[in-house]
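sequence? don't have it. structure:
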């Protein structure tokens, strides 16, 4: 017999039944065990450190495309997981958009360095670019990111699989 999943209401009841000391112990244990929890509290307690936390996630992304040792890996799942994890810990849309665009920029750089990749690779880049642009529009960040988005599009002008065309279309729909 399987246990039912615990929902938020049940979880909140559990938390209310715990003493302050028990809650502190629980959160301290989570902090020790899980890096995203550490990152979350680093940003909560020292918002000025958000850039440092973002740099750590950018390094994960960059290492997938351009590892310090060896050759290209480009495990997109690892790079995208870094974005997903960062989204859970960040407080600002600007910082999240920055990481999303960084992922696409690394993909463009990777293509420049190693030649045409396969269609799923470009689809991943296009999807992330579109998500970033949607976040830019949603949060009114056009002034901050338009030039960077345009540079990504212009840097793809000689790339295949319709990559440049798709990015151009996304850009024009958002910024024209």
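Okay, I see it. Quick caveat: nothing in here was measured; it's all calculated off a predicted structure.

every contact and neighbour count from this point should use C-alpha atoms.
OK.

against residue 169, how distant is the residue positioned nearest the centre of the chain?
Residue closest to the mean C-alpha point of the chain, counted by C-alpha atoms, centre = their mean, is residue 83 at 2.1 Å. Counting by C-alpha to C-alpha, to the nearest Å, the gap between residue 83 and residue 169 amounts to 24 Å.

just checking, what packs against the longest helix seen in the chain?
Across the chain, the longest stretch assigned as helix under DSSP state H is helix 93-114. Helices and strands touching helix 93-114, by 3 or more C-alpha pairs under 8 Å, 6 or more residues apart in numbering; DSSP states H and E, are helix 50-65, helix 76-89, helix 119-138, helix 142-155.

quick one: closest of the ones you listed to residue 163.
Taking C-alpha to C-alpha, helix 119-138 is the member of the helices and strands packed on helix 93-114 nearest to residue 163, at 6.2 Å.

walk me through the domains of the protein.
Dividing the chain into domains by automatic domain parsing, as the record does, gives the ranges 14-45, 53-175.

possible to save those as JSON lines with distance to residue 2 and mean pLDDT?
Supplementary listing: these in JSON lines, determined by distance: least, C-alpha to C-alpha, whole Å; pLDDT from 0 to 100:
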{"stretch": "domain 14-45", "distance to residue 2": "20", "mean pLDDT": "92"}
{"stretch": "domain 53-175", "distance to residue 2": "29", "mean pLDDT": "93"}
